[in-house]
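K.L.:
Sequence and computational prediction follow.
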Amino acid sequence: MVVALDGSCYYWTKPLGKRSPPMVTLLTFSETLAIIRDVSIIVFVGAVSLITLAAAFGLFLLYRKVSPVIDSVKKTAKNAEDISTSISQKLVKPSVARSAFAFGAGKLLSFITGVSRRKGGGGKKNG
């Protein structure tokens, strides 16, 4: 075993060929801890990315399922609006017109006959 000036430890090995290195590096505790930290961060980021992609895909599938239901609800609401508008035009407006005519005729009749709605002695107030 050889200790380098930077504190790293090396084992001498016999080269297995031209491509193999003559020395194998032994890591210090802090270097090993740093590598474990880096690998943990990479794994965590990868897992979060996969979960995010899965959630986005699930939401897309949910949207495709719910979209026809939303369109159906919109059509139903439009039909209900059309029906209520039709009923309003055919029933309510003529009723209002008849009511206004009846109110006007009642006022005309009361003017002609002189009947007043006020009861009690000519507008005296109690008290």
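P.N.:
That came in fine, so what should we check first?
K.L.:
mind checking how far Lys78 is from Ala34?
P.N.:
Lys78 sits 64 Å away from Ala34, going by Cβ to Cβ, to the nearest Å. In this view, the C-beta of every residue, glycine as well, is placed from N, C-alpha and C.
K.L.:
Quick check: which ranges of this structure have low pLDDT?
P.N.:
By pLDDT under 70, the weakly predicted segments of the chain are 1-25, 92, 96, 115-127.
K.L.:
so how far is Leu33 from Ser40?
P.N.:
Distance, Ser40 to Leu33, using Cβ to Cβ: 10 Å.
K.L.:
Quick check: neighbours shared by these two?
P.N.:
Listed as contacting both Ser40 and Leu33 by Cβ atoms under 8 Å, 6 or more residues apart in numbering is no residue at all.
K.L.:
So which residues of the chain form strands?
P.N.:
Assigned by DSSP state E, the chain shows strands spanning 2-3, 9-12, 23-26.
K.L.:
Identify the residues contacting Val48.
P.N.:
Not one residue lies near Val48 by Cβ under 8 Å, 6+ apart.
K.L.:
and it, how far is that from Ile112?
P.N.:
Separation of Val48 from Ile112 (Cβ to Cβ): 87 Å.
K.L.:
do the same with Ser88
P.N.:
For Ser88, the distance to Ile112 - Cβ to Cβ - is 35 Å.
K.L.:
for Thr28, same thing?
P.N.:
Distance, Thr28 to Ile112, using Cβ to Cβ: 115 Å.
K.L.:
which one of the two has more residues nearby?
P.N.:
More crowded of Thr28 and Ile112, by other Cβ atoms under 10 Å: Thr28, with 12 against 8.
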